[in-house]
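Peer 1: After the sequence you'll find the predicted model.
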Amino acid sequence: MADATHRVTDADGREIQAGDQVTSFRGETATFVRVTRGTEYNGTAKVSVRWPDGFEHDYYDRVFNLTVSTIKDQPLTAGVPGEIRLAGEDIVNTDIDRSKGSGSARHCEPRQEGSSQ
């Protein structure tokens with residue numbers, strides 16, 4: 001997954017931080033806790049709020065008329081199937097050798113440009 005940081009704003013453009021009061025479309029007040037899913041997933045974000053009775057639950061950002069924007073995102077890159085790495089990091093091969101009964105990842109050296117290995 002990507003390591004993302006989000007900016008949350010209300011309908012007036014004010015930035016919302018953890019602990020700020022937010023109001024639902026029904027007029028109910030809750031405390032903003034965090035972004036639980038950014039818009040990268042399917043274009044809709046989810047936020048977690050805490051109600052006055054202490055109950056915490058996730059809702060779509062629009063329930064509280066909030067807008068969630070990704071302000072920092074470090075995407076994953078992949079060279080070939082079985083290789084996963086963050087941009088600028090060494091490759092980790094996640095292919096599983098089932099014949100040995102082991103599912104541990106093996107460290108691989110980065111592939112050289114033009115190499116057919």
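Peer 2: Nice, I can see it.
Peer 1: From residue 21, how far out is residue 65?
Peer 2: Here residue 65 is placed at a distance of 13 Å from residue 21 (C-beta to C-beta, to the nearest Å). Heads up, the C-betas are built off the backbone N, CA and C, glycines and all.
Peer 1: and if you look at residue 11?
Peer 2: Taking C-beta to C-beta, one finds residue 11 at 14 Å from residue 21.
Peer 1: State the distance spanning the first to the last residue of stretch 41-50.
Peer 2: In stretch 41-50, first residue to last residue: 23 Å (C-alpha to C-alpha, to the nearest Å).
Peer 1: wait, isn't residue 52 in contact with residue 29?
Peer 2: Yes - judged on C-beta atoms under 8 Å, residue 52 makes contact with residue 29 at a distance of 7.4 Å.
Peer 1: More neighbours: the two, which one.
Peer 2: Between residue 52 and residue 29, residue 29 has the larger neighbour count (other C-beta atoms under 10 Å), namely 12 against 9.
Peer 1: contacting residues for that one?
Peer 2: 21, 22, 23, 52 (C-beta atoms under 8 Å, 6 or more residues apart in numbering).
Peer 1: Need the pLDDT of it.
Peer 2: In the prediction, the pLDDT value recorded for residue 29 is 97.
Peer 1: That one pairs with what?
Peer 2: On the basis of DSSP bridges, residue 29 takes part in beta bridges with residue 23.
Peer 1: What ranges does this structure have for its strands?
Peer 2: Applying DSSP state E to the chain gives strands spanning 3-9, 15-16, 21-23, 29-37, 46-50, 56-60, 67-74, 76-77, 83-86, 92-93, 106-107.
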